[in-house]
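[1] Sequence and computational prediction follow.
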Amino acid sequence: MTLHEVESISAESMRLLQLKRLQQTVKHIYKNVPFYQQKLFEQNLTPSDIHSIEDIQKLPFTTKNDLREHYPFGLFAIPPKQIARLHASSGTSGKPTVVAYSQKDIDMWADIVARAIYMAGGRSGDILHNSYGYGLFTGGLGLHYGSERLGMITVPVSGGNTERQIQLILDFKPSIICGTPSYILNIAEKMEEMDINPKSTSLQYGIFGAEPWSEEMRNTLETTFNIKACDIYGLSEVIGPGVAMECHEAQNGLHVAEDHFYVEVIDPKTGKVLSEGQKGELVFTSLTKEAMPIIRYRTGDIASIQKELCKCGRTTTKMSRVMGRVDDMMIIRGVNVFPSQIEHALLQIDGVTPHYQILLTKDNNFDMLEVQVETNYPVEEWKKLEKNITQSLRSACYVKVRVTVLPEKSIPRSHGKATRVIDKRRINV
């Protein structure tokens, strides 16, 4: 595989391709999904009203709550006998969201992820170590099928059993590793406990995602393993990993697979579409999915988009790294704070390890923000470090922060997505 021709076509050619596929998708859902039939009827729309790609803004938004209200199969656009696979979210904050794939969808998804892995440095014949979880979560199987489609030798390790993962890395000598950044750091930490230098492995590239992570976290991963660390973006409601991918040549934004997904950025409060470069909520429309197309899905992820020619030769729209989530935003005494702001500040401070946790509590009916951080400094230096961290976080977040310095390995480690924020406010009321 080389750079796919559709990734370097002109903007006008891409718009025409997107319009054709949008029209087909709207016809498909109008005919087969009662939920969308009703939504379009309420807005006095039919498929024949889509004349340009800008007409996508006439279409209704879809939300996670819509998926939950139609749980489990209410948004499927093909008969059950044509469904090849189901995936679902964990459902930790309500009913899980269920998504369906036809065999055509699975084949298409494999192609999309193969392109993503190639962007990150993967090549046919190389070995890929896949530490994403397998199962209802789309990460593991998404990267697995894409790796095989690219022609890579795929090691389906999944998450956990860290010592075994390390042994396989040493024995199989993969060139690329995939997983959540927090878990890959756990692997590095365990390597160091075993007197293995993470820099000494065969790894050259990393594909990391499924949780927001900062440039400072990238620097930590790259320095620790001596690799190039690239960001991958996706969500099961749209298809899974591969919706957008960072190229290893530039590492300054994620290329959206625009031939399969149309991206917008909106004001999360008003729903107004924002201009290039403006930060807002990402909205995606699937253009080629068969079993469960989704129209203008509000992801809850905060980012911006930019259209520019990349040094890698791709012309596709790029989205910034996810800066946080609408529902992850913490409001502390009237000030908006994202966990990513805290990570950005923490990882610039000498002595702070990349393991931290944010606690939200109440003190005399006032919201309080506590940040627990680990350090490798001796105990006698903790008080000075605590003062430095407090000042840095106050400058970065504009709120008072209580800082607790802890010895290494005090904060629980994760085999998948790290739990960064713990809200204890209701418990303490």
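    Everything's here; your move.
[2] pLDDT of the longest strand seen in the chain, averaged?
    Longest strand in the chain by number of residues, with DSSP state E as the criterion: strand 352-363. Strand 352-363 comes out with an average pLDDT of 89.
[3] What is it packed up against?
    strand 330-332, helix 339-346, strand 366-375, strand 421-423, helix 425-428 (3 or more C-beta pairs under 8 Å, 6 or more residues apart in numbering; DSSP states H and E). In short, each C-beta sits where N, CA and C put it, glycine included.
[4] Let me see the domain layout of this structure.
    1-325, 329-428 (automatic domain parsing).
[5] For the ones you listed, give me CSV that also has mean neighbour count.
    Shown next, in CSV, are those (neighbours: other C-beta atoms under 10 Å):
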stretch, mean neighbour count
domain 1-325, 19
domain 329-428, 16
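[6] Compare the mean pLDDT across those domains and name the weakest.
    Among the domains of the chain, domain 329-428 carries the lowest mean pLDDT (a mean of 86).
[7] Quick one: distance of that domain to the chain centre.
    22 Å (C-alpha atoms, centre = their mean, to the nearest Å).
[8] would you list every one of the helices in the stretch 151-300 of the chain?
    162-172, 181-193, 215-225 (DSSP state H, counting those that start in this stretch).
[9] do you know which of those lies nearest Val263?
    Between Val263 and the helices of the stretch 151-300 of the chain, the tightest spacing by C-beta to C-beta is seen for helix 215-225, at 21.6 Å.
[10] Select the longest helix from this structure.
    Secondary structure assigned by DSSP state H gives helix 11-32 as the longest helix of the chain.
[11] helices and strands around that one, which ones?
    Counting contacts by 3+ C-beta pairs under 8 Å, 6+ apart, helix 11-32 packs against helix 34-42, strand 280-286.
[12] the inter-axis angle of the first one versus helix 11-32?
    When you say that, I think you mean helix 34-42. Interaxial angle, helix 34-42 versus helix 11-32 (axes from the mean of the first three to the mean of the last three C-alpha atoms, to 10 degrees): 110 degrees.
[13] Can you name every helix or strand that helix 34-42 contacts?
    helix 11-32.
[14] Going along the chain, name the strands of the stretch 151-300 of the chain.
    153-155, 176-179, 205-208, 228-235, 240-246, 254-256, 261-266, 280-286, 297-303 (DSSP state E, counting those that start in this stretch).
[15] a markdown table please, covering these and showing distance to Pro60.
    Converted to a markdown table, the strands of the stretch 151-300 of the chain look like this (distance: least, C-beta to C-beta, whole Å):
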| stretch | distance to Pro60 |
| --- | --- |
| strand 153-155 | 39 |
| strand 176-179 | 35 |
| strand 205-208 | 34 |
| strand 228-235 | 19 |
| strand 240-246 | 21 |
| strand 254-256 | 22 |
| strand 261-266 | 13 |
| strand 280-286 | 11 |
| strand 297-303 | 11 |
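[16] Mind checking those for the one nearest to Asp423?
    strand 297-303 (16.7 Å).
[17] so the closest one versus strand 228-235, what angle?
    Using the same axes, to 10 degrees: strand 297-303 against strand 228-235 is 150 degrees.
[18] Export strand 297-303 to CSV, keeping only CA atoms.
    Output in CSV follows, covering the C-alpha atoms of strand 297-303 (Å, rounded to 0.1, in the frame of the first residue of the first chain):
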residue,chain,number,x,y,z
TYR,A,297,-23.5,12.8,15.2
ARG,A,298,-22.5,15.1,18.1
THR,A,299,-19.4,13.5,19.5
GLY,A,300,-18.9,15.6,22.6
ASP,A,301,-15.2,16.0,21.6
ILE,A,302,-13.7,19.4,21.5
ALA,A,303,-11.3,20.2,18.6
